[in-house]
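Peer 1: Output the structure for:
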Amino acid sequence: MNSNKWVRRIHRWMSMAFTASFVVVTVVVLTQEEPAEWVYLSPLLPLALLFFTGLYLFVLPYARRWRGGRRVAHAE
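Peer 2: Alright, predicted model coming up:
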């Protein structure tokens, strides 16, 4: 598997883990009377990883064009 597929897979699984854990936990903790301060900072690391992998995936098609790569036409 090439590196683009690995980045895609990591980004996909990180987004599911981020949504399932940090968002749900943050909402539950914030409903308490005195929420802990660490709750506000805990999603920052996975969010940063999502940002950089998403940015890489966003720029990938444009970088392919800049380098002069052409898409291969399917044989019919």
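
Peer 1: State the distance from the residue nearest the centre of the chain to residue 15.
Peer 2: The centre of the chain sits closest to residue 50, judged by CA atoms, centre = their mean, with a distance of 2.7 Å. Using CB to CB, to the nearest Å, residue 50 is found at 6 Å from residue 15. In this view, the C-beta of every residue, glycine as well, is placed from N, C-alpha and C.

Peer 1: What distance do you get for the residue nearest to the centre of the chain to residue 62?
Peer 2: Counting by CB to CB, the gap from residue 50 to residue 62 is 20 Å.

Peer 1: Show me where this structure has its helices.
Peer 2: Assigned by DSSP state H, the chain shows helices spanning 3-17, 24-30, 38-41, 44-66.

Peer 1: Now do the second one: which elements does it pack against?
Peer 2: To tie it back to what came earlier, the one meant is helix 24-30. Under the contact definition 3 or more CB pairs under 8 Å, 6 or more residues apart in numbering; DSSP states H and E, helix 24-30 sits against helix 38-41.

Peer 1: mean confidence for the helix it packs on?
Peer 2: Averaging pLDDT along helix 38-41 gives 76.

Peer 1: okay, now residue 60: neighbour count?
Peer 2: 12 (other CB atoms under 10 Å).

Peer 1: buried set for the worst-scoring helix or strand of the chain on mean pLDDT?
Peer 2: Ranking every helix and strand in the chain by mean pLDDT, DSSP states H and E puts helix 38-41 at the bottom, with a mean of 76. Buried residues in helix 38-41, counted by 16 or more other CB atoms under 10 Å: residue 39.

Peer 1: who are the neighbours of it, in terms of helices and strands?
Peer 2: With contacts taken as 3+ CB pairs under 8 Å, 6+ apart, helix 38-41 sits against helix 24-30.
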